[in-house]
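*Asks:* Quick one, what's the 3D model for this:
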Amino acid sequence: MTSDERQTRIAAHLQKAEFASLEALAQEVGASVSTVRRDVAALAERGIARRTHGGARLAQAPKGDEFVFHLRDAHEVAAKEAIGRACAALVKPGQNVIIDGGTTCFHVAKHLGDKVAQVITNSLPVAHHFSGSNRHEVHVAGGVIYPRLGVLVGPDAVQSFTRLHADLAILGGGGIAADGIYNSHALLVDIQRAMIAAAAKVVFCFDHTKFGRRSMFFLCDFAKVDVVVTDAQAPKSLVRELRAKGIEVLIA
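*Replies:* Below you'll find the model as predicted:
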C-alpha cells in the first residue's frame with residue numbers, strides 16, 4: 001500500500017470514527033506505528049486530521065464537499081498528475097473546453113495554462129481554479145450542488161450544456177469496462193451525457209484503478225468516445241480491447 005493509499009484509508013476511517021489511536025490506525029492500514037505517525041503528520045499539514053497524544057482525530061475543517069473532494073484527490077496522485085499533463089497536451093490553443101467534475105479532470109485543468117480561451121464546467125473546484133485569471137472566460141453550469149463532490153447537477157445544469165458548444169469535453173467516471181463507461185449516480189450521468197452531446201470531441205480520463213469497474217449507472221458506450229487517457233498501470237488486455245474498438249488510448 002502506498003503512502004497516498006494509506007492516508008486515504010486513514011482519513012476515511014477518521015471520518016467515520018472521528019478519533020483513533022495510532023495502534024488502531026496501524027492495524028487498519030497494515031503498517032507500523034511509526035509509518036502511521038508520518039501519515040497522520042501529512043494529513044495534519046493538509047488540514048484533514050489533527051494529531052493528538054497517541055492518536056489522531058478528524059479536523060473540524062474542511063467539511064462537506066471540500067473534505068470529500070480533497071480526500072478523493074489524495075488517491076493515486078502521481079497517476080492523476082501524469083494523466084492531467086497528457087490530456088492537457090491534447091488541447092489546442094484557443095479551444096473552448098468542457099471540464100467535468102472529477103478529481104482527475106481537476107488535474108487536467110491545472111495543466112491547461114493559457115491554452116484555452118473558454119472553460120465550461122459544472123465543477124466548483126475547477127471554476128475556483130480559473131476564477132482569478134484574466135485570461136480565461138469561465139462558464140459555470142446552473143443547477144444544485146451535488147453533496148460531497150462539489151459539482152452542479154440537475155435539470156438546470158443539464159439545460160446549461162444544451163445551449164453551448166465546445167471543441168473538446170474532458171470527462172471522468174466511476175469505471176470503464178469492455179462494454180462502456182459507468183458512473184455512480186444518475187444525476188452525474190445526466191449531465192455528462194449533456195456534456196458529450198455538446199462537444200465535437202470527447203476525452204475520458206481514468207487512472208488504472210477505474211479499469212474493469214462498473215459503477216451503478218451506465219453512462220455511454222464507446223461510440224461516444226474519441227480518446228481515453230490513462231496511466232501505465234492500466235490493464236493491457238482492456239487497453240487492447242479499447243484500441244480494437246477504434247478508441248485512441250493514450251498512456252501517460
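*Asks:* What's the first helix or strand after whatever helix or strand Arg6 lives in?
*Replies:* Element membership of Arg6 [criterion: DSSP states H and E] is helix 3-17. Later in the chain than helix 3-17, the nearest helix or strand by DSSP H and E is strand 19-21.
*Asks:* In this structure, which residue is most central in space?
*Replies:* Thr103 (2.1 Å; Cα atoms, centre = their mean).
*Asks:* thought that residue was touching Glu81?
*Replies:* No - here Thr103 does not reach Glu81: they are 11.0 Å apart, not a contact under Cβ atoms under 8 Å. From N, CA and C alone the C-beta is placed, and that goes for glycine too.
*Asks:* Need the mean per-residue confidence for stretch 80-87.
*Replies:* Stretch 80-87 shows a mean pLDDT of 94.
*Asks:* contacts for it?
*Replies:* 73, 103-104, 106-111, 170, 203, 205-207, 229-232, 250, 252 (Cβ atoms under 8 Å, 6 or more residues apart in numbering).
*Asks:* May I see the ChimeraX selection of the buried members of those residues?
*Replies:* To isolate the buried members of the contacts of stretch 80-87 in ChimeraX, using 16 or more other Cβ atoms under 10 Å:
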select :73,103,104,106,107,108,109,111,170,203,205,206,207,229,230,231,252
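*Asks:* Can you tell me how far Lys224 is from Val144?
*Replies:* 25 Å (Cβ to Cβ, to the nearest Å).
*Asks:* More neighbours: which of these two?
*Replies:* Lys224 (17 against 13; other Cβ atoms under 10 Å).
*Asks:* For the residue of the chain most remote from its centre, report the pLDDT, please.
*Replies:* In the chain, the residue that sits farthest from the middle, by Cα atoms, centre = their mean, is His53; the gap is 34.1 Å. As predicted, His53 sits at a pLDDT of 76.
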